[in-house]
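*Asks:* sequence and predicted structure are below.
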Amino acid sequence: MLPSQRYRQPDSGAVLAALHKVNAACGYLPEAEMRKVAEELGVPLSLVYSAAAFYAIFSFKPCGRHRLQVCEGTACYVKGSTGLFGFLAEEYGLIPDATTEDEVFTLKRVRCVGSCALAPVVRVDNDTYGRVTPANIASILDLYRKG
Ligand code: FES
């Protein structure tokens, strides 16, 4: 049997729906759970991994309590998002895809979140902050650290 005959064509939304379910339950995508998704849907594990890797909402590692997203789309880049990454690295030791030692924040790089007029944009969980600077990002993070 050819490898292509072992798998069936997945329902286009089934893989993402399954990944969302695992992400909601675990807070990230453990390898064992992704293997289960592939097995249950009858699709190659590589397809599950590629779908998971494409979307910034998924992580392969456990995340902090809050998801901190810094946009590095064109408008945000031009307006200084690079400085935000530099500040977060210097002040918090936080680099993209890493989690703070206190497990409060996980930093994610994202491409345009659709709020370009507010560039540079930072999102914390589902909240969006515009015109963020190194001078005011610390006070934004404090809101979540305390809350
Ligand atoms: S480029 Fe950052 S919100 Fe569009």
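*Replies:* Right, received. Where do you want to start? This one's a predicted model, so the numbers in the text were calculated from it and none came from an experiment.

*Asks:* got the contact list for the residue of the chain found nearest the ligand?
*Replies:* In the chain, no residue comes nearer to the ligand than residue 73, which is 2.4 Å away by CB to the nearest ligand atom. In this view, the C-beta of every residue, glycine as well, is placed from N, C-alpha and C. Residues in contact with residue 73 (CB atoms under 8 Å, 6 or more residues apart in numbering) are 110, 111, 112, 113, 116, 119.

*Asks:* please list which of these also come close to the ligand.
*Replies:* 112, 113, 116, 119 (CB under 6 Å from any ligand atom).

*Asks:* which of the residues you listed tops the neighbour count?
*Replies:* The residue in the ones next to the ligand among the contacts of residue 73 with the most neighbours, by other CB atoms under 10 Å, is residue 119 (21 neighbours).

*Asks:* in contact with that residue, which residues?
*Replies:* 71, 73, 75, 76, 78, 79, 81, 130, 131.

*Asks:* which of the residues you listed count as buried?
*Replies:* 71, 73, 75, 76, 79, 81 (16 or more other CB atoms under 10 Å).

*Asks:* I'd like the distance between the fifth one and residue 86.
*Replies:* In other words, residue 79. 14 Å (CB to CB, to the nearest Å).

*Asks:* helix, strand or coil for residue 25?
*Replies:* helix (DSSP: H, G, I helix; E, B strand; the rest coil).

*Asks:* count of neighbours near it?
*Replies:* Neighbour tally, residue 25, other CB under 10 Å: 10.

*Asks:* for residue 50, same thing?
*Replies:* 11.

*Asks:* check residue 90 too.
*Replies:* 10.

*Asks:* what's the average pLDDT for the helix or strand hosting it?
*Replies:* In this structure, residue 90 sits in helix 81-92 according to DSSP states H and E. When pLDDT is averaged over helix 81-92, the result is 95.

*Asks:* what about it and the ligand, touching?
*Replies:* No - for a cut-off given as CB under 6 Å from any ligand atom, helix 81-92 has no contacts with the ligand; the smallest distance is 7.2 Å.

*Asks:* below-threshold pLDDT in the chain: ranges please.
*Replies:* 1-8, 10, 12 (pLDDT under 70).

*Asks:* near the ligand, which residues of it? Just list them.
*Replies:* Residues of the chain found near the ligand (CB under 6 Å from any ligand atom) are 71, 73, 74, 75, 76, 112, 113, 114, 115, 116, 119, 121.
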